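Student: for reference, the sequence and a predicted model appear below.
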Amino acid sequence: MNPTVVDIPPSGIRKFFDIAAEMKDCISLGVGEPDFVTPWNIREAGIKSLKDGITCYTSNSGLLELRRLCCRYYSERFGVEYAPEQCIMTVGASEGIDLAMRMLISSGDEVLIPEPSYVSYMPCVRLSGGIPVPIRATAENGFKLTAETVRAAITPRTKALILPFPNNPTGGIMTREDLVEMSKALEGTDIIVVSDEIYAELTYRGTHCAFASIPGMFERTVTINGFSKAFAMTGWRLGYVMAPEPLLKQMLKIHQFTMLCASTTSQIAAVEALTHGFETDFADVRAMRREYNRRRNFVVRQFNDMGLSCFEPLGAFYAFPSIQKTGLDSETFCTRLLMEKRVAVVPGTAFGPSGEGFVRATYATSMEKLIEACRRIREFVESLA
């Protein structure tokens, strides 16, 4: 077996989710999945496509109508002008990450990755033969990646920088001003930026800024997004990657020989999601964001009130409280909380070593469950004292 694969540990998120799934009366705040059902009009479009017998392949790049809509979406929402030829529909945003890494990385190339961050980045770099270079982000700095820390990490082997904002697991965001400073740190280099913007619609203060909209950055940016989070379409497994044509053509070759194309049914449903979104000014998305914001305020307040210092997440749907005052490491805290109080959260170390001393709790579940989960966590913390 490939030793690189053997050496990669399994996902720290799924470990606790799998245990929780078999426990009675367990409340899981582990997996980042919206608790909203995909809106009916989107489901209906998918059902109709099956009834109409539309079950064939699409082109490798995906439905032209859908790619046009994705380009319109980025133009109207974020001020970035892409053409359909610069867009590929992928099997979730996760495939987009994999395509970008395999397209960019040769053996020994270095990729700068903020830490803590999503569990897939480092394994995808390693599977492509690259070397992940973590850059620690701290709560004191809003879990942002700074231009100074990036400059300090750049070497002659640096090939790419991953910008995953809004961030999973911390909820940190980067403003336009932050991104302008980041662009200055990249001046004089050939570094490509992989901007994972899957949580773009879940920004609670101001609006999301796409990195490709920063002057001079379009030609060196691979933008990744999808339908899972904003449209509650996780199980449909549909994302997209947008980039300048020289980069996209190489990613398309990998996509052709591995996935061929994304699900036809999912693509047709996504056409409805964006078409209806434009017609209603994305009312469904705004309604979900309002509800997430209500839960966000509740959960952050609860953690702080029970003495677990919690940074205010300004994006995504996660809280990342510090559990250092308990004297437990992250893995022990999560294991004991699950076994003693039947609440599942994820150790911060699942997102890199710098996540030690933190846990991730998603508030993408009902307020009723959040209230009960916080009650149990409070009891557990008090028992430790």
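Tutor: All right, it came through fine.
Student: and the strand or helix carrying Pro134, which strands flank it?
Tutor: For Pro134, the host element (DSSP states H and E) is strand 131-136. Strand pairing for strand 131-136, determined by DSSP bridges: strand 110-115 (parallel).
Student: follow-up on the earlier one: counting neighbours, which bits of whatever helix or strand comes next after the strand holding Pro134 end up buried?
Tutor: Using DSSP H and E, the helix or strand that follows strand 131-136 in sequence is helix 147-153. Neighbour-count burial for helix 147-153, counted by 16 or more other C-beta atoms under 10 Å, picks out Ala147, Thr149, Val150, Ala153. Glycine gets a C-beta too; all of them are placed from N, C-alpha and C.
Student: quick one: the last one from Thr189, how far?
Tutor: Using C-beta to C-beta, to the nearest Å, one obtains 12 Å as the distance from Ala153 to Thr189.
Student: name the nearest of the buried residues of helix 147-153 relative to Thr175.
Tutor: Closest approach to Thr175 among the buried residues of helix 147-153 (C-beta to C-beta): Ala147, at 12.8 Å.
Student: and the pLDDT at the closest one?
Tutor: Confidence at Ala147, expressed as pLDDT, is 96.
Student: in this structure it contacts Val180, no?
Tutor: No. Checked against C-beta atoms under 8 Å, the pair Ala147 and Val180 is beyond contact range at 9.1 Å.
Student: CA atoms only for whichever strand or helix holds Thr223 - export them in PDB, please.
Tutor: In this assignment (DSSP H and E), Thr223 forms part of strand 221-226. The C-alpha coordinates for strand 221-226 follow below in PDB (Å, rounded to 0.1, in the frame of the first residue of the first chain):
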ATOM      1  CA  THR A 221      -6.700  32.700  -7.900                       C
ATOM      2  CA  VAL A 222      -8.500  29.400  -7.900                       C
ATOM      3  CA  THR A 223     -12.000  30.000  -6.400                       C
ATOM      4  CA  ILE A 224     -13.900  27.100  -4.900                       C
ATOM      5  CA  ASN A 225     -17.500  27.200  -3.800                       C
ATOM      6  CA  GLY A 226     -20.600  24.900  -3.800                       C
END
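Student: please pull up the helix or strand immediately following it.
Tutor: Following strand 221-226 in sequence order, the next helix or strand is strand 239-242 (DSSP H and E).
Student: how far is that next one from where the chain is centred?
Tutor: Mean C-alpha position of strand 239-242 versus that of the full chain (C-alpha atoms, centre = their mean, to the nearest Å) differs by 13 Å.
Student: also stretch 354-368?
Tutor: On the basis of C-alpha atoms, centre = their mean, stretch 354-368 sits 14 Å off its chain's mean C-alpha point.
Student: what does stretch 56-75 give?
Tutor: Offset of stretch 56-75 from its chain centre (C-alpha atoms, centre = their mean): 21 Å.
Student: any idea how far apart the tips of it sit?
Tutor: In stretch 56-75, first residue to last residue: 30 Å (C-alpha to C-alpha, to the nearest Å).
Student: and the strands in the stretch 1-150 of the chain?
Tutor: Here the stretch 1-150 of the chain has its strands, by DSSP state E, counting those that start in this stretch, at 27-28, 87-90, 110-115, 131-136.
Student: got the buried residues for the last one?
Tutor: I take that to be strand 131-136. Ile131, Pro132, Val133, Pro134, Ile135.
Student: grab the two from those that are most spread out in space.
Tutor: Ile131 and Ile135 (13.3 Å).
Student: so where's the stretch 251-385 of the chain shaky on pLDDT?
Tutor: Scanning the stretch 251-385 of the chain for pLDDT under 70 picks out no residues.
Student: recalculate using a threshold of 90.
Tutor: Along the stretch 251-385 of the chain, the parts satisfying pLDDT under 90 run over 385.
Student: in it, mark out all the helices, start to finish.
Tutor: Using DSSP state H, counting those that start in this stretch, the helices of the stretch 251-385 of the chain run over 264-280, 283-305, 330-341, 367-384.
Student: can you check the stretch 1-150 of the chain too?
Tutor: Using DSSP H, counting those that start in this stretch, the helices of the stretch 1-150 of the chain run over 3-7, 12-21, 40-51, 64-78, 92-104, 121-127, 147-153.
Student: quick one: closest of those to Arg296.
Tutor: Closest to Arg296 of the helices of the stretch 1-150 of the chain is helix 12-21 (C-beta to C-beta; 19.7 Å).
Student: just the helices of the stretch 1-150 of the chain: most buried one?
Tutor: Looking across the helices of the stretch 1-150 of the chain with neighbours counted as mean count of other C-beta atoms under 10 Å, the highest average goes to helix 92-104: a mean of 25.
Student: what packs against it?
Tutor: Here helix 92-104 touches strand 87-90, helix 121-127, strand 158-164, strand 192-196, strand 221-226, strand 239-242, helix 245-258, going by 3 or more C-beta pairs under 8 Å, 6 or more residues apart in numbering; DSSP states H and E.
Student: between that helix and strand 158-164, how many degrees?
Tutor: Using axes from the mean of the first three to the mean of the last three C-alpha atoms, to 10 degrees, the inter-axis angle of helix 92-104 relative to strand 158-164 is 170 degrees.
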